[in-house]
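K.L.:
Make a model of this:
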Amino acid sequence: MTDTVILWHDHRGAAGPTPAYAEGVLRLADPTLVVLVGPSASGKSSWAAEHFAPDQIISSDRLRALVGESEHDLSASADAFDLLERVVATRLGRRLTTVVDSLGLETARRRGWVDLAARHRVPCVAVAFDTPAAECRRRNAARDHRVPQAVLAQQLRTYAKVREELDREGFAAVLHPDPVRVVPPAVAEAARTTAGREDRRDDAGRLRIGLQVSAFDVPGGAAELGPRLAAVAAEAERAGVDSIWVMDHFRQIPPRRPWEDMLEATTTLGYLAAATSRVSVGCLVHGITYRNVGLLGKAVATLDVLSGGRAWCGLGAAWHEEEHRAYGWAFPSTAERFDLLEDALRVLPLLWGPGSPGYEGKVLRVPEAVCYPRPLQERVPILVGGSGERRTLRLVAELADACNLFGRPDVVQRKVAVLKEHCADLGRDPGEVEVTHLSTALVAADPRELAAEVGRRRPARGHGAWAARVNPGTVEDQVLRLRALQQAGVQHAILSLVGLWDGPGLDRLGEVVAALR
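P.N.:
Numbering: from 1, shown residues only. Now for the predicted structure:
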């Protein structure tokens, strides 16, 4: 199936990509203002009801019934449209997808909606209903409440003129009433950037997929956590996941509450290694202030030996000051933490290597870097979390084996370009540095299941921010999103799943992995 997308550009009047209509679904970024344009009986209300939720549709007829005696009370039209304008403005102010279901034949109103959407930086699209005049007359004749023939004839004449004007009125696009879905902006952008491109797997290589277990709210509580975690790890491995990761925190981080369950990272990684046989295991990422660096190196080496050579070592400068304060740990300045991170990147390979060399760095002094048994891997891969362009990515280019990035494909592409510049400055092959990416995903089989999962999990307020954070989408949506990230330079996409413990998330992740192969 071919999927297209409409996105808003930042300046009023700049059109979005022209949709290439084909069998498939048009993806609209959430939020979008959708203006229906067409004469009576052209199918506007039926199309809107088929593709949008009832609370997304603002119908002039229904508002006429609200402020008048019925939908057909023409004396209430002025009040109905005053209310319609207020509702549309309020919804756009809250960045909510809105469908204006009216005739849409008044030029001033259409242009007003385009201007209003631009002020709120929301894309505004028109949907033109080019239903043949004879079909409109036939449908109208079959209605209980018919539009007078003379009125319908005037609407048809007006629509013919309006139709010629729509493309010049500043809409992001003028669409046909084809099947549509409203999706998070990341999915919509991915559909746009991947549309029409040939499969690039032969050039880019296989995209590796990781699972991050970041929450432990298992039904049944702590007594069920051990067996459920082992089962999830084994199931993820069977589904084809390449890696399993945990966070290095001692209490939950926002937006979760600090007293929600959180397992200690190094112990959990050992448990995950015992529950699996193929996947690599690692931490995104060990905060460099949480443990003595030598102790951390010993823990990672032990994990590598006992897992059969499957350990990763993720490192970061740490950020959660409240957590440090709660446990009575020092929280050095940013500069001091980065100095410690740099020292760790230099001393850990010495610790895992032969002999017992000494090391004295900016803040770290290790008289004997000794660790036996040494890791089974010749070099345990070290991943650095963070994407600071001046220091973090410079440290990656010089001393690490992988970076971990966040954000949209355009952000990733810029960071990868910076990383390559650092590699060039240092004389290092950028192909030696793996680009990983961490994001949250709510994955469903199809739009029906997705609607049910979103309805079950979405917050009462802040749906837009929530959707931007968790990336709800079908399996196909997620494949599009991950392909776009791969085209931006990602080689290893790590997902934290919504519904890992109480939903279909893990099964659907397996479908995503299969589709990417």
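K.L.:
hey, let's count contacts and neighbours off CA atoms from now on
P.N.:
Will do.
K.L.:
Helices of the stretch 251-400 of the chain, residue ranges please.
P.N.:
Remark: helices assigned in the stretch 251-400 of the chain by DSSP state H, counting those that start in this stretch are 265-275, 293-307, 321-327, 334-352, 392-399.
K.L.:
Partner strands of the longest strand seen in the chain and their direction?
P.N.:
Longest strand in the chain, counting residues (DSSP state E): strand 434-444. Strand 434-444 has its sheet partners listed here by DSSP bridges as strand 402-405 (parallel), strand 472-474 (parallel), strand 492-497 (parallel).
K.L.:
right, so those strands: which one is the most enclosed?
P.N.:
strand 472-474 (a mean of 26; mean count of other C-alpha atoms under 10 Å).
K.L.:
Tell me the first helix or strand C-terminal of it.
P.N.:
Per DSSP states H and E, the first helix or strand lying C-terminal to strand 472-474 is helix 475-488.
K.L.:
so what's residue 351 up against?
P.N.:
Counting by C-alpha atoms under 8 Å, 6 or more residues apart in numbering, residue 351 touches 294, 297, 357, 369-371.
K.L.:
Low-confidence regions, the stretch 151-300 of the chain specifically.
P.N.:
Counting by pLDDT under 70, the stretch 151-300 of the chain has low-confidence residues at 195-204.
K.L.:
Kindly report the same for the chain.
P.N.:
Low-confidence segments of the chain, defined by pLDDT under 70: 1-23, 195-204.
K.L.:
Outline the domain layout of it.
P.N.:
4-183, 201-516 (automatic domain parsing).
K.L.:
For the ones you listed, give me CSV that also has distance to residue 190.
P.N.:
Shown next, in CSV, are those (distance: least, C-alpha to C-alpha, whole Å):
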stretch, distance to residue 190
domain 4-183, 9
domain 201-516, 5
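K.L.:
What distance do you get for residue 133 to residue 139?
P.N.:
10 Å (C-alpha to C-alpha, to the nearest Å).
K.L.:
next one: residue 237
P.N.:
56 Å.
K.L.:
Of the two, which one has the most company?
P.N.:
residue 237 (22 against 14; other C-alpha atoms under 10 Å).
K.L.:
dump the residue contacts of the more buried one.
P.N.:
Residues counted as contacts of residue 237 (C-alpha under 8 Å, 6+ apart) are 276, 278-279.
K.L.:
hang on, it in a helix?
P.N.:
Yes. Assignment of residue 237 by DSSP: H, G, I helix; E, B strand; the rest coil places it within a helix.
K.L.:
Pull up the gap between it and residue 312, please.
P.N.:
16 Å.
K.L.:
next one: residue 386
P.N.:
For residue 386, the distance to residue 312 - C-alpha to C-alpha - is 16 Å.
K.L.:
repeat for residue 99
P.N.:
49 Å.
K.L.:
cool, residue 296 as well?
P.N.:
Counting by C-alpha to C-alpha, the gap from residue 296 to residue 312 is 12 Å.
K.L.:
Have a look at these two and say which one is more surrounded.
P.N.:
Taking other C-alpha under 10 Å, residue 296 and residue 312 do not tie; residue 312 has more neighbours (26 against 18).
K.L.:
Spatially nearest residue to the more buried one, not counting backbone neighbours?
P.N.:
residue 282 (4.6 Å; C-alpha to C-alpha, 6 or more residues apart in numbering).
K.L.:
Quickly list what that neighbour is bridged to.
P.N.:
Taking DSSP bridges as the rule, residue 282 bridges to residue 245.
K.L.:
Contacts only, for it.
P.N.:
So residue 282 contacts 243-246, 269, 311-314 (C-alpha under 8 Å, 6+ apart).
K.L.:
Closest one of those residues to residue 193?
P.N.:
Within the contacts of residue 282, proximity to residue 193 (C-alpha to C-alpha) peaks at residue 243, which comes in at 27.1 Å.
K.L.:
give me the number of residues near the closest one?
P.N.:
For residue 243, the neighbour count with other C-alpha under 10 Å is 24.
K.L.:
same question, the one 5 residues further on
P.N.:
Counted with other C-alpha under 10 Å, the burial measure for residue 248 works out to 25 neighbours.
K.L.:
Residue 415 in helix, strand or coil?
P.N.:
Strictly by three-state DSSP, residue 415 counts as helix.
K.L.:
Surely residue 470 and residue 442 touch.
P.N.:
Yes. Counting by C-alpha atoms under 8 Å, residue 470 does reach residue 442; the two are 6.0 Å apart.
K.L.:
between those two, what contacts are shared?
P.N.:
What both residue 470 and residue 442 touch, as defined by C-alpha under 8 Å, 6+ apart, is the set residue 498.
K.L.:
Counting neighbours, go ahead and name the busier of these two.
P.N.:
Between residue 470 and residue 442, residue 442 has the larger neighbour count (other C-alpha under 10 Å), namely 29 against 19.
K.L.:
The residue nearest to that one when sequence neighbours are not counted: what's it in contact with?
P.N.:
Excluding its sequence neighbours, the residue lying closest to residue 442 (C-alpha to C-alpha, 6+ apart) is residue 472, at 4.4 Å. Residue 472 makes contact with 183-184, 441-444, 450, 454, according to C-alpha under 8 Å, 6+ apart.
K.L.:
Please enumerate the helices of the stretch 101-250 of the chain.
P.N.:
107-119, 133-141, 149-165, 185-194, 201-204, 222-238.
K.L.:
Serialize those to JSON lines and add fields for distance to residue 394.
P.N.:
Shown next, in JSON lines, are these (distance: least, C-alpha to C-alpha, whole Å):
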{"stretch": "helix 107-119", "distance to residue 394": "39"}
{"stretch": "helix 133-141", "distance to residue 394": "65"}
{"stretch": "helix 149-165", "distance to residue 394": "53"}
{"stretch": "helix 185-194", "distance to residue 394": "28"}
{"stretch": "helix 201-204", "distance to residue 394": "24"}
{"stretch": "helix 222-238", "distance to residue 394": "33"}
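K.L.:
so which of those helices is the most packed in?
P.N.:
helix 185-194 (a mean of 24).
K.L.:
How far off centre is that one?
P.N.:
10 Å (C-alpha atoms, centre = their mean, to the nearest Å).
K.L.:
go on, stretch 266-275?
P.N.:
28 Å.
K.L.:
ok, now stretch 447-459?
P.N.:
15 Å.
K.L.:
Next, the buried residues of that stretch.
P.N.:
Within stretch 447-459, the residues that count as buried by 16 or more other C-alpha atoms under 10 Å are 450, 453-454.
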